[in-house]
Each structure stands twice: as C-alpha cells, then as structure tokens.
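# only geometry, no sequence info:
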C-alpha cells in the first residue's frame with residue numbers, strides 16, 4: 001500500500017529521473033540510433049491499431065467466452081464470425 005509519505009511532488013520525480021538518465025541524448029542514441037519513430041521500441045509504447053487488434057485477439061483466446069458468444073454458439077452451433085477459434 002502506498003502512503004502519503006511515498007508520494008513525491010513533481011520536482012522530486014524530475015530529480016530522480018535525472019539521476020537515472022543523466023545523459024538522455026546518449027541513452028536515446030543507444031536505444032534508437034535511427035530516431036525514436038524508427039525504433040522497434042516505438043511500437044511497444046505506441047502500437048498500431050492492427051497490432052492492438054492482433055494482441056487482443058490472442059488475449060481473447062485465453063479468456064472464457066462471454067455470455068453473448070456462448071448464447072450464439074448454443075443457438076447457431078458455431079462462434080460468431082471473426083471470433084477467435086478455440
């Protein structure tokens with residue numbers, strides 16, 4: 001649990017960040033030598049709509065079917081079109 005004494009103001013957070021990243025330009029050059037937008041890390045923090053869709057489809061395969069999909073399956077004997085196959 002986080003107590004009030006664990007909360008820091010913005011300036012304290014900035015000082016801590018600066019301690020970790022004393023040379024931010026060098027870090028960025030190391031992580032993304034061809035620029036941030038060209039870095040594979042960019043998609044980890046800014047996924048495309050297609051990437052988000054594919055990740056959600058994969059995650060849905062591990063979740064139980066929602067009630068509406070179960071009803072559809074019981075009525076029509078198949079899952080709704082586009083539903084991840086099991």
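In hand now; what should we look at? If you're wondering where the values come from, they're calculated on a predicted model, not measured in any experiment.
# Give me the outermost residue of this protein relative to its centroid.
Largest separation from the mean C-alpha position in the chain: residue 75, at 35.1 Å (Cα atoms, centre = their mean).
# Can you tell me how far that residue is from residue 41?
Look at residue 75 and residue 41: by Cβ to Cβ, to the nearest Å, they are 45 Å apart. Bear in mind the C-beta positions are built from the backbone N, C-alpha and C, glycine included.
# again with residue 59
Look at residue 59 and residue 41: by Cβ to Cβ, they are 21 Å apart.
# same thing with residue 74?
44 Å.
# With residue 48 instead?
Residue 48 sits at a distance of 14 Å from residue 41 (criterion: Cβ to Cβ).
# Repeat that for residue 31.
Using Cβ to Cβ, which is the criterion applied here, residue 31 is 6 Å from residue 41.
# so where's this protein shaky on pLDDT?
Applying pLDDT under 70 to the chain picks out residues 1-6, 24, 85-86.
# Could you count how many residues lie near the nearest residue to residue 65 once chain neighbours are set aside?
In this structure, residue 65 finds its nearest non-sequential neighbour in residue 73, 7.2 Å apart by Cβ to Cβ, 6 or more residues apart in numbering. Number of residues near residue 73 (other Cβ atoms under 10 Å) recorded here: 14.
# what about residue 73, which helix or strand?
helix 67-76 (DSSP states H and E).
# buried residues in that helix?
residue 72 (16 or more other Cβ atoms under 10 Å).
# elements contacting that helix?
Contacting helix 67-76 under the criterion 3 or more Cβ pairs under 8 Å, 6 or more residues apart in numbering; DSSP states H and E is no other helix or strand.
# What is the distance between it and the centre of its chain?
Averaging C-alpha positions (Cα atoms, centre = their mean, to the nearest Å) puts helix 67-76 30 Å from its chain's average.
# Residues touching that helix, excluding its own?
Contact with helix 67-76 is made by 65, 78-80, 83, as judged by Cβ atoms under 8 Å, 6 or more residues apart in numbering.
# want to throw those into CSV with distance to residue 19?
Below are the contacts of helix 67-76 laid out as CSV (distance: Cβ to Cβ, whole Å):
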residue, distance to residue 19
65, 48
78, 57
79, 52
80, 52
83, 49
